[in-house]
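Engineer: need a structure here:
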Amino acid sequence: MKYPTGLLCIAVITIIATVLLTCHVSISSPDEISARKASPENGQVEIERIAPERIGGNGYRLVYRVNVPISTYWKFKTDFNNTFLISNKFIRGHRFISQNGNIAITETQYTYQPDVFFRWQTRLFPEHFRLAFSLSNPEQCKQKYHHGYIQLESEGKDTRVTQVAYFDFWGATFWAYNPWRGGMQDFLSYTARWEQATVVRLKDRYDEKYNSN
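Structural biologist: Numbering: from 1, shown residues only. Below is the predicted model of the structure:
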């Protein structure tokens with residue numbers, strides 16, 4: 001049978017989620033998180049579940065370092081009209097829609113839900129090296145909400161990247177706790193490492209773009 005019945009599916013997921021919830025998982029409040037400033041070593045990726053913003057939701061904090069200066073990384077991160085995103089194994093398609101001042105609209109098609117484009121609105125705060133993102137079509141993507149921010153900090157010749165996000169959708173808690181392939185940790189860890197390698201590979205392109213402005 002291709003799909004189990006609704007009750008059986010819910011029962012199985014509930015049992016698995018209950019087992020996972022009994023495992024030791026670090027959950028911190030936003031205040032505790034903001035107080036921590038120790039950076040991960042080069043190449044390391046730190047992922048931490050954080051207290052949800054709303055009842056029933058989930059949140060995470062992702063921290064990693066990239067081996068390029070903050071000016072170069074900022075240009076890389078704000079290059080919305082790019083083709084390199086589809087080299088990420090979780091991304092099937094990417095479209096640049098528009099940019100009006102410091103607000104950019106993009107659409108991303110993910111391999112785990114290939115029949116829909118997630119439309120993201122990203123607001124830029126160049127003076128603070130900060131990006132705030134939100135999902136503009138959550139209902140179409142079968143989500144209640146998904147938003148967060150990315151904060152960059154200069155650390156010598158490197159850049160510390162902190163991404164915080166809050167989200168809610170059916171099965172979100174199971175995905176957040178799932179330690180195996182396809183879970184949140186797998187997705188975020190791969191994406192951070194992919195970005196660490198990609199920005200270094202494209203460093204010269206963004207160095208030139210920054211220096212030409």
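
Engineer: Correct me if wrong: Tyr206 contacts Lys77.
Structural biologist: No - judged on CB atoms under 8 Å, Tyr206 makes no contact with Lys77 at a distance of 9.3 Å. Bear in mind the C-beta positions are built from the backbone N, C-alpha and C, glycine included.

Engineer: Find residues that contact each of those two.
Structural biologist: Overlap of the contact sets of Tyr206 and Lys77 (by CB atoms under 8 Å, 6 or more residues apart in numbering) is empty.

Engineer: which sections of the protein are below the confidence cut-off?
Structural biologist: Applying pLDDT under 70 to the chain flags residues 1-43, 208-213.

Engineer: so where's the longest helix in it?
Structural biologist: Looking across the chain with DSSP state H, the single longest helix is helix 184-201.

Engineer: list the buried ones in that one?
Structural biologist: Neighbour-count burial for helix 184-201, counted by 16 or more other CB atoms under 10 Å, picks out Met184, Gln185, Phe187, Leu188, Ser189, Thr191, Ala192, Trp194, Glu195, Gln196, Thr198, Val199.

Engineer: From Leu62, how far off is the first one?
Structural biologist: Met184 sits 10 Å away from Leu62 when distances are taken as CB to CB, to the nearest Å.

Engineer: Show me which residues of stretch 104-116 are buried.
Structural biologist: Using 16+ other CB under 10 Å as the test for burial, stretch 104-116 gives Ala104, Ile105, Thr106, Glu107, Thr108, Gln109, Tyr110.

Engineer: ok, residues contacting that stretch?
Structural biologist: Counting by CB under 8 Å, 6+ apart, residues outside stretch 104-116 touching it are 78, 80, 85, 89-99, 117-122, 124, 136, 140-142, 182.

Engineer: Now restrict those residues to buried residues only.
Structural biologist: 78, 80, 85, 91, 94, 117-122, 124, 136, 141.

Engineer: related to what we said a few turns ago, and of the buried residues of helix 184-201, the nearest to Val68?
Structural biologist: Val199 (5.5 Å; CB to CB).

Engineer: give me every residue that touches the closest one.
Structural biologist: Neighbouring residues of Val199 by CB under 8 Å, 6+ apart: Val66, Val68, Thr72, Tyr73, Phe76, Tyr206.

Engineer: Of the buried ones among the contacts of stretch 104-116, which belong to strands?
Structural biologist: Ile91, His94, Phe118, Arg119, Trp120, Gln121, Thr122, Leu124 (DSSP state E).

Engineer: Please verify my assumption that the third one contacts Asn137.
Structural biologist: Right, the one you point to is Phe118. Yes - Phe118 is in contact with Asn137 according to CB under 8 Å; the separation is 7.1 Å.

Engineer: Would you map the strands across the protein?
Structural biologist: Using DSSP E, strands in the chain cover 27-28, 45-50, 58-66, 91-100, 103-110, 118-125, 130-135, 143-155, 158-169.

Engineer: Tell me what angle the last one forms with strand 58-66.
Structural biologist: Orientation note: strand 158-169 sits at an angle of 160 degrees relative to strand 58-66 (axes from the mean of the first three to the mean of the last three CA atoms, to 10 degrees).
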